[in-house]
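**Q** any chance you can model this:
(one chain, ligands or ions: 2)
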Amino acid sequence: MIFVTGGAGFIGSNFILNWLDKHKEPVVNIDKLTYAGNLENLKSVECNPNYIFAKVDLLDQTALAELVGKYKPRAILNFAAESHVDRSIHGPGDFIQTNIVGTFNLLEVTRAYWGTLPEAEKKSFRFLHVSTDEVYGSLEMNDPAFSETTPYAPNSPYSASKAASDHLVRAYHHTYGLPTVTTNCSNNYGPYQFPEKLIPIVIHNALKGKDLPIYGDGSNIRDWLYVVDHCEAIELALDKGRLGETYNVGGWNEKKNIEVVDTICGTLDKLRPRSDGKSYLTQKVFVKDRPGHDKRYAIDATKIEKELGWKPKENFETGLAKTIKWYLDNETWVSNVVSGNYREWLDKNYEGRK
Ligand code: NAD
Ligand code: TYD
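**A** Numbers count the residues shown, from 1 in each chain. Ligands and ions are numbered 1, 2, ... in the order given. Coordinates of the predicted model:
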């Protein structure tokens, strides 16, 4: 069986749903259930005998050690993290704890367990660490895209904490021989993404008749990848990735934030026109920029494409259309996650930007 940490979050839950759809191998989902963890994402597999949930914090080494002792996984995939840049600016503490100390704890528990395995199982064991392109810092317009050899230059508390976790994973391979593989992916979008990140918050606010907040002048660029394509890249890296290596994963879909917002508005105008006949574009509002806002991210995914044969199936248009349709069909999911805590976050993040 395999372990997935952070499996109740956006990417982790997509990964588990995809995995159980394709494989008979059981998966244990280890999640603390922060504001971003939502078991409703996994409702369809709740009764699947190959799905096990354990509410455990990565900061609890004893509980993690009990879980590996009990289930004896052949692989551990680490998705768990605090993942939102704006939250890391307002309060970096949880990012240091979960992303750095939590990854360290998981590595320590894994190292101890791995050391006890018979030789053949030791060889086939994998620790797969899910990371981000944000560890590479920010690109200027004419810079080449991030490759696996681009030096790390993280700029936010979030990306710095992810960079630290990547370094720990690297060190555990180099020093102890732990069989690790790391993936560094660009911005994901798709079903089950919490409406604090750009794409789901724009869809949600548009439908609620609220402002669509665009930081600065909207010219910052991100590379966007549909979440299921990311999950497939992770599976390939788990199966065929070379030990100790990192693989960049990206969609070849660089877009300015303003283009993303405009495309969402255009699609909603067609699929769910406003009752007053006006375009959703009229809800766009430019707000105060994020401090230290990275200008541009771009991924060179040649290595994973050439070595592992990965290719994204969706382009931005098809992926975004699926995503918007999912949010339109799942308005109850959204209203369930938009709780009191969420409203507090909106006040904290957006009040000062007006
Ligand atoms: P998310 O915030 O939606 O989910 C994170 C999950 O981790 C939640 O279920 C949360 O409850 C859990 N978690 C948090 N702290 C924990 C702890 N201490 N112990 C156990 N569980 C804990 O994040 P996501 O967007 O699904 O991202 C998953 C991973 O992918 C992260 O490591 C992130 O850095 C990486 N990543 C994300 C993106 C993106 O665009 N979202 C892109 C590249 C890489
Ligand atoms: P986000 O989804 O938070 O991902 P990240 O910061 O990890 O790239 O933001 C994507 C881009 O959208 C980023 O340049 C910041 C911008 N943004 C807005 O313009 N308005 C918003 O309300 C949010 C949340 C993000």
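
**Q** all contacts plus neighbour counts: C-alpha atoms, from now on.
**A** OK.

**Q** would you map the strands across this protein?
**A** Shown for the chain, the strands assigned by DSSP state E span residues 2-5, 27-31, 51-55, 75-78, 126-132, 180-185, 187-189, 212-215, 221-226, 246-249, 254-256, 284-287.

**Q** wait, does the longest one contact ligand 2?
**A** Just to be clear, that refers to strand 126-132. No. For strand 126-132, no contact with ligand 2 is found by C-alpha under 6 Å from any ligand atom; the gap never falls below 8.7 Å.

**Q** sorry, back to before: distance to residue 160 and mean neighbour count for the strands of the chain - can I get that in CSV?
**A** As requested, these are arranged in CSV below (distance: least, C-alpha to C-alpha, whole Å; neighbours: other C-alpha atoms under 10 Å):
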stretch, distance to residue 160, mean neighbour count
strand 2-5, 20, 22
strand 27-31, 22, 23
strand 51-55, 26, 16
strand 75-78, 17, 23
strand 126-132, 11, 24
strand 180-185, 14, 26
strand 187-189, 16, 23
strand 212-215, 21, 21
strand 221-226, 18, 24
strand 246-249, 17, 26
strand 254-256, 23, 19
strand 284-287, 25, 17
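
**Q** redo those strands as JSON lines? Include mean pLDDT.
**A** Putting these into JSON lines (pLDDT from 0 to 100) gives the following:
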{"stretch": "strand 2-5", "mean pLDDT": "99"}
{"stretch": "strand 27-31", "mean pLDDT": "98"}
{"stretch": "strand 51-55", "mean pLDDT": "98"}
{"stretch": "strand 75-78", "mean pLDDT": "99"}
{"stretch": "strand 126-132", "mean pLDDT": "99"}
{"stretch": "strand 180-185", "mean pLDDT": "99"}
{"stretch": "strand 187-189", "mean pLDDT": "98"}
{"stretch": "strand 212-215", "mean pLDDT": "98"}
{"stretch": "strand 221-226", "mean pLDDT": "98"}
{"stretch": "strand 246-249", "mean pLDDT": "98"}
{"stretch": "strand 254-256", "mean pLDDT": "98"}
{"stretch": "strand 284-287", "mean pLDDT": "98"}
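
**Q** make CSV from those strands and add distance to ligand 1 to it.
**A** Below are these laid out as CSV (distance: least, C-alpha to the nearest ligand atom, whole Å):
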stretch, distance to ligand 1
strand 2-5, 6
strand 27-31, 4
strand 51-55, 8
strand 75-78, 7
strand 126-132, 4
strand 180-185, 4
strand 187-189, 4
strand 212-215, 17
strand 221-226, 8
strand 246-249, 9
strand 254-256, 14
strand 284-287, 22
